[in-house]
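Trainee: give me a 3D structure for the following:
(chains A, B, C and D)
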There are 4 protein chains.
Amino acid sequence: MIKVGIVGGTGYTGVELLRILSQHPEASLRAITSRKEAGMAVTDLFPSLRGRISLKFSDPAEAELGQCDIVFFATPNGIAMQQIRPLLDQGVRIIDLAADFRIQDVSIWEKWYRMPHACPDLVQEAVYGLPEINRDRIKSARLIANPGCYPTAVQLGFLPLVEAGIADLEHLIADAKSGVSGAGRNAEIHTLFAEASDNFKAYGVPGHRHLPEIRQGLSLMAKQPVGLTFVPHLTPMIRGIHATLYARLTSDIDLQALYEKRYAGEPFVDVLPKGSHPETRSVRGSNACRIAVHRPQDGETAVILSVTDNLVKGAAGQAVQNMNLMFGFPETMAIDGAPLVP
Amino acid sequence: MIKVGIVGGTGYTGVELLRILSQHPEASLRAITSRKEAGMAVTDLFPSLRGRISLKFSDPAEAELGQCDIVFFATPNGIAMQQIRPLLDQGVRIIDLAADFRIQDVSIWEKWYRMPHACPDLVQEAVYGLPEINRDRIKSARLIANPGCYPTAVQLGFLPLVEAGIADLEHLIADAKSGVSGAGRNAEIHTLFAEASDNFKAYGVPGHRHLPEIRQGLSLMAKQPVGLTFVPHLTPMIRGIHATLYARLTSDIDLQALYEKRYAGEPFVDVLPKGSHPETRSVRGSNACRIAVHRPQDGETAVILSVTDNLVKGAAGQAVQNMNLMFGFPETMAIDGAPLVP
Amino acid sequence: MIKVGIVGGTGYTGVELLRILSQHPEASLRAITSRKEAGMAVTDLFPSLRGRISLKFSDPAEAELGQCDIVFFATPNGIAMQQIRPLLDQGVRIIDLAADFRIQDVSIWEKWYRMPHACPDLVQEAVYGLPEINRDRIKSARLIANPGCYPTAVQLGFLPLVEAGIADLEHLIADAKSGVSGAGRNAEIHTLFAEASDNFKAYGVPGHRHLPEIRQGLSLMAKQPVGLTFVPHLTPMIRGIHATLYARLTSDIDLQALYEKRYAGEPFVDVLPKGSHPETRSVRGSNACRIAVHRPQDGETAVILSVTDNLVKGAAGQAVQNMNLMFGFPETMAIDGAPLVP
Amino acid sequence: MIKVGIVGGTGYTGVELLRILSQHPEASLRAITSRKEAGMAVTDLFPSLRGRISLKFSDPAEAELGQCDIVFFATPNGIAMQQIRPLLDQGVRIIDLAADFRIQDVSIWEKWYRMPHACPDLVQEAVYGLPEINRDRIKSARLIANPGCYPTAVQLGFLPLVEAGIADLEHLIADAKSGVSGAGRNAEIHTLFAEASDNFKAYGVPGHRHLPEIRQGLSLMAKQPVGLTFVPHLTPMIRGIHATLYARLTSDIDLQALYEKRYAGEPFVDVLPKGSHPETRSVRGSNACRIAVHRPQDGETAVILSVTDNLVKGAAGQAVQNMNLMFGFPETMAIDGAPLVP
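Mentor: Residues are numbered from 1 along each chain as shown, chains lettered A, B, ... in the order given. As a prediction, this is how the structure comes out:
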């Protein structure tokens, strides 16, 4: 049984971590911090967890995070980088669900996130927590940069193709659609029900922060720089990401076989039978990523469809998957629940 | 480990049973029948269950249901009553999720369901599967009439009040709102997304089949006939029932204490703190029923709010709760998962 | 052609006023104020109005509202009462879409709205803008208190019954459900898409500000004090109110005939055929109120169903209906568009 | 005043035609047919039209369509081609909202629609009813093939780019998302609320019937064969299409200026300011198509965003636009209503 802390537990990734960890047989939740809600019972904010969690939110200054085995940062960007060094020094392992340690090139990070980085040395040490690529490095890591929601769905969708180097890697396209929970539990007008319901829009077309993260990942897979057009959209559902990926093939390969082989041993990546169209709800509340590969009219353009739950495989579930790997628990522990359909 | 069969597994209660039973450590799913989909893998119809269920739908005529310990009927009304007798004779225990055995007065049943009853004797034997009332009788029952979705939410909401006899029992009002999954997985126009979304309506105001079921239950609690106006509504959400109950108090009692005391030992009924307003999502995907009691402006009208997930506590979850009781498993086994929020 | 101003045009009632007035052949929109968005083109905030409105939001201090024939206040409660006196003095007529002038008893208003009233004398002058009751007084009014959304649907639903005095008026019940736009265009967490979607809840059961407004209206109709339990709910749709009303009948009258007769000449109240269940979408975007009357199982409880679009008949549409009456335009001018279905 | 008939008026394009035509000052609706609903008042099926339409559905065999000036076919594919010849012979002009006359190459049509064509000669005569391309030919046409919903949004989005010939026309990509009303008012499981809500999926990736229609249109614009990958998706909203279009530029042109110039005189195409992201709701219920053009990071890939209401500009509204052109009415008559937001 390990001791677990959460910093910043009032957002959607926070409550999702709580949901998952409250069912984890090897994790004992010791502290969850929130400056704003300090002193309030977690279940007053999240009645869905009544009977499952007895903790109160504690003030970050008072929480004894240093005594935890692992601390999750479910905070806005820029917080973890300021707080983790003393924890690491005390032997605490860290999983940051924000973006502070995702981009290896600090100058790129600083450009997209518009702030100076507080600890570039730790960026170098951090392991990008996508188990399908970095499983071994994750096991021994002190500091995990948990991937973004779009980057998870897009990278898993492109991975076999890009690793195999069988497409025009200068002109990849990722047309991604996200449920509204991806925007976080923040009081903003554009994500109000009366704004986001019965509506569909693209956003961030000139440039979205997940672009450099995805490009970095694809380039590492390809072992060469990769060109990517990435267009995110907001779709009126709570959870779920659907990535529709386009690549011009340069080789006449059996895509279905390629994908099935690459993901044969992966517990959370499910390559669907030929001709399938995965639905986001088929992974709702679960850590699965389901993928279908198409080549319409046997042309040269491959179309890959990849779906995840943005709060699970795209955030809290993947974080727990990483924790499981780090502490030698079964990789699927507490994240093997069935999707909720309908 | 018991052997379990499901008759009629292609509807929403069917797939919800599959979701729950696939995670039940003491249940081995042996057969699931569907005349229409016989031969098709369950996961072809419900990809969300990929990797969890390897069964195919089987023809009802060929399924060896007689070798099961228990068979769930997730069929339309009128089917179970025609098929269960030979199974009972073979020692199989039965849980009917439809309405065939819910109404003790067969003439009333025949009036509301517009068909002759096939086995009135079994109606007398059947136990109404609301554990909060009939726990002991359920344990030894051969045949369970699993309550309807509205009746579960409404009866649990009224139970302490009616048992205590502290209200005008001739004029109870239940204003109930259901998610669209309550209408079933049937191809009908009025439940299409483009009809039911961004819309709200009452239906069945002149008379709904759950009215006599609720009235029977409340009358048994009250030990006298009860008068009820029941108005169901369709609300644009997938899962969830919200019952708003009105009763004129005849005694100046502490409602909050009454409810807390009555449900103190119940694993699935959660009386919220004074002043609360339960949300349907706070029970989404879970077997909980959350209740809040109000007495606006200290007047004589009590307002009770009761929420459930219509597919879990209102159908499949309660059925598994009954199964757990019948076979001596822990009552919460496989139905203790946390609600999915957001 | 009259000159029209709007104070506070960035909320949902504001943009709905803009939509309607931009199509009104006798209204010329001269100014729309917003302290926060002053200088911004209206269509930058509301691109749906591109090509229809060329105004910019202006600073309240600079808008020449005194030169308008009529000014609508689409502001939060408590603003209009501080600003209208000089406008009235300049001969401008006023329609307040907030609550400042709805409650005749200022002490009750101050209790529910928790602020001192700035101009009790004007409260006495104000005419409650429900044309179905006050049509003649509206025509000559200087100051209109435009009714609240719930009060419109509930009062129109109860009106014939209460006027006729054929029910137990001490124990009326109004179970009302509103779309989320009723909460306004304010950045708040509880109305985020990820909170309010796929969810249903009651709120304000201990007491909602529309309760005294409705009670006042019903008491005036009844010519005696009326007792009311009012429970509002939030339902996951953008627009629409559905009021389900319960009253115990004291007389064996033909309700259908009563309602049809009372509303025979009303352009915006539609009594549906016997046995109907009005849907909120049947009035989406329109100024209609559709009503159905039921008496389940010929019992003593009447159930009346009343639907409106909360932003039209419940706010901006009714305001324009009042304006039409005040200036002698055809009552339906610019608010006779067909509902948008599906 | 012209006499108008509608064949097949019980679907979503049918009721939308009714909504629009009931407000058209120059159109007198004389007959609306439905084999299934013959004899039923239109308003019994569509209560939203109460007070606006007094017609009953009539049997197709008995409707006197030959006396109409124009007949709209809002029927499934394959019906109009069997019924229009005698009407044309009587001088009736025809607008087919289905696909029978959209594809000039009959062999391609027969391949995609899997039936023999009943009147190839009329295909040659038919004018493709996209006013932004064929305005003059539409004015004098006897027979209009009203464009499909996806083809309208995609072609208008690509038009200036393709006409200008400044992109790699062999590898265009159209990633399109549609509201569920696009699937029609048909009782099917996959478009039930409980299936399509809170869910997102692609469909028809191997090949969708709108692919050849779009390819034909783009090829005519380009005056050369065009290569297109077209992926449609179902998104949980009622109305709206969002097309995200990708093209690799071959010339360093000012896209914004190109689009603004091309559509300068078009009443229904609105090119948004640079950097915009059109929302589908900004055209909800209106005949507008709003377009934004992007060139992310000044790279070689252009991203064009195009939104329409699939039932208006994508179906009934465009049909009325064509009717207006055919009969010399103002092009915007009855289709100039403001979008409904929120």
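
Trainee: ok, and does the helix or strand that residue A:57 is a member of reach over to chain C?
Mentor: Element membership of residue A:57, judged by DSSP states H and E, is strand A:57-58. No. Using C-beta under 8 Å from any C-beta of the partner chain, strand A:57-58 never reaches chain C; the gap is at least 15.5 Å. (C-beta placed from N, C-alpha, C; glycine too.)

Trainee: check stretch A:241-257 too.
Mentor: No. For stretch A:241-257, no contact with chain C is found by C-beta under 8 Å from any C-beta; the gap never falls below 13.9 Å.

Trainee: and that stretch, how far apart are its ends?
Mentor: 24 Å (C-alpha to C-alpha, to the nearest Å).

Trainee: next, the buried residues of it.
Mentor: A:241-249, A:253, A:255-256 (16 or more other C-beta atoms under 10 Å in any protein chain shown).

Trainee: domains for chain A, by residue range?
Mentor: A:2-125, A:150-310 (automatic domain parsing).

Trainee: does the top helix by length along chain A reach chain C?
Mentor: The single longest helix within chain A, with elements called by DSSP state H, is helix A:149-164. No. Helix A:149-164 lies apart from chain C when judged by C-beta under 8 Å from any C-beta; the minimum separation is 13.4 Å.

Trainee: that helix packs against which elements?
Mentor: Where contact means 3 or more C-beta pairs under 8 Å, 6 or more residues apart in numbering or on different chains; DSSP states H and E, helix A:149-164 is packed against helix A:131-139, strand A:172-178, helix A:210-222, strand A:228-234, strand A:241-248, helix A:255-262, strand A:289-294, strand A:301-308.

Trainee: dump those into a markdown table; add distance to chain B and mean pLDDT as well.
Mentor: A markdown table is the format used below for those (distance: least, C-beta to the nearest C-beta, whole Å; pLDDT from 0 to 100):
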| stretch | distance to chain B | mean pLDDT |
| --- | --- | --- |
| helix A:131-139 | 16 | 98 |
| strand A:172-178 | 13 | 98 |
| helix A:210-222 | 21 | 98 |
| strand A:228-234 | 15 | 98 |
| strand A:241-248 | 14 | 98 |
| helix A:255-262 | 13 | 98 |
| strand A:289-294 | 7 | 98 |
| strand A:301-308 | 10 | 98 |
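
Trainee: for the stretch 51-200 of chain A, what lies in contact range of chain C?
Mentor: Checking the stretch 51-200 of chain A against chain C by C-beta under 8 Å from any C-beta, the hits are A:179-181, A:183, A:185-189, A:191-198.

Trainee: would you mind finding the most buried of the domains of chain A?
Mentor: Counting by mean count of other C-beta atoms under 10 Å in any protein chain shown, domain A:150-310 has the highest mean neighbour count of these, with a mean of 22.

Trainee: next one: that one to chain centre, how far?
Mentor: Mean-position distance between domain A:150-310 and its chain equals 12 Å (C-alpha atoms, centre = their mean, to the nearest Å).

Trainee: can you check stretch A:147-159 too?
Mentor: With C-alpha atoms, centre = their mean, you get 8 Å for stretch A:147-159.

Trainee: and it, average pLDDT?
Mentor: Mean per-residue pLDDT for stretch A:147-159: 98.

Trainee: same thing with stretch A:7-25?
Mentor: Stretch A:7-25 shows a mean pLDDT of 96.

Trainee: for stretch A:275-286, same thing?
Mentor: 98.

Trainee: follow-up on the earlier one: can you dump the C-alpha atoms of the longest helix of chain A in PDB for me?
Mentor: Only the C-alpha atoms of helix A:149-164 are listed here, as PDB (Å, rounded to 0.1, in the frame of the first residue of the first chain):
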ATOM      1  CA  CYS A 149      -5.300  14.400 -24.000                       C
ATOM      2  CA  TYR A 150      -5.000  15.200 -27.700                       C
ATOM      3  CA  PRO A 151      -1.400  14.100 -27.800                       C
ATOM      4  CA  THR A 152      -2.400  10.700 -26.400                       C
ATOM      5  CA  ALA A 153      -5.100  10.000 -29.000                       C
ATOM      6  CA  VAL A 154      -3.100  11.400 -31.900                       C
ATOM      7  CA  GLN A 155       0.200   9.700 -31.100                       C
ATOM      8  CA  LEU A 156      -1.300   6.300 -30.500                       C
ATOM      9  CA  GLY A 157      -3.200   6.700 -33.700                       C
ATOM     10  CA  PHE A 158      -0.100   7.600 -35.800                       C
ATOM     11  CA  LEU A 159       2.400   5.500 -33.900                       C
ATOM     12  CA  PRO A 160       2.600   2.300 -36.000                       C
ATOM     13  CA  LEU A 161       2.400   4.200 -39.300                       C
ATOM     14  CA  VAL A 162       5.100   6.700 -38.300                       C
ATOM     15  CA  GLU A 163       7.400   4.100 -36.700                       C
ATOM     16  CA  ALA A 164       7.200   2.100 -39.900                       C
END
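
Trainee: direction included, what does the strand holding residue A:57 pair up with?
Mentor: strand A:27-33 (parallel) (DSSP bridges).

Trainee: now check the helix or strand following the strand it pairs with, is it near chain B?
Mentor: Following strand A:27-33 in sequence order, the next helix or strand is helix A:42-45 (DSSP H and E). No. Remark: helix A:42-45 sits outside contact range of chain B, by C-beta under 8 Å from any C-beta, the gap being at least 8.5 Å.

Trainee: so for helix A:42-45, mean pLDDT?
Mentor: The model assigns helix A:42-45 a mean pLDDT of 97.

Trainee: cool, and stretch A:62-80?
Mentor: Rounded mean pLDDT across stretch A:62-80 is 96.

Trainee: quickly check: it near chain B or not.
Mentor: No. Contact of stretch A:62-80 with chain B is not found when judged by C-beta under 8 Å from any C-beta; the minimum separation is 14.2 Å.

Trainee: okay, how far is it across that stretch, tip to tip?
Mentor: End-to-end distance of stretch A:62-80 (C-alpha to C-alpha): 17 Å.

Trainee: for stretch A:57-71, same thing?
Mentor: 15 Å.

Trainee: could you do stretch A:112-124 as well?
Mentor: 18 Å.

Trainee: what does it contact?
Mentor: By C-beta atoms under 8 Å, 6 or more residues apart in numbering or on different chains, the residues outside stretch A:112-124 that reach it are A:77-78, A:81-82, A:84-85, A:88, A:99-101, A:103-104, A:106, A:109-110, A:143, A:207, A:209, A:211-212.

Trainee: go with 6 Å
Mentor: Stretch A:112-124 has contacts (C-beta atoms under 6 Å, 6 or more residues apart in numbering or on different chains) with A:77-78, A:81-82, A:101, A:106, A:109-110, A:209, A:212.

Trainee: closest one to residue D:133 out of these, please.
Mentor: residue A:209 (39.3 Å; C-beta to C-beta).

Trainee: got a list of what that closest one touches?
Mentor: Per C-beta under 6 Å, 6+ apart, neighbours of residue A:209: residue A:112.

Trainee: pLDDT score for it?
Mentor: Looking at residue A:209, its pLDDT reads 97.
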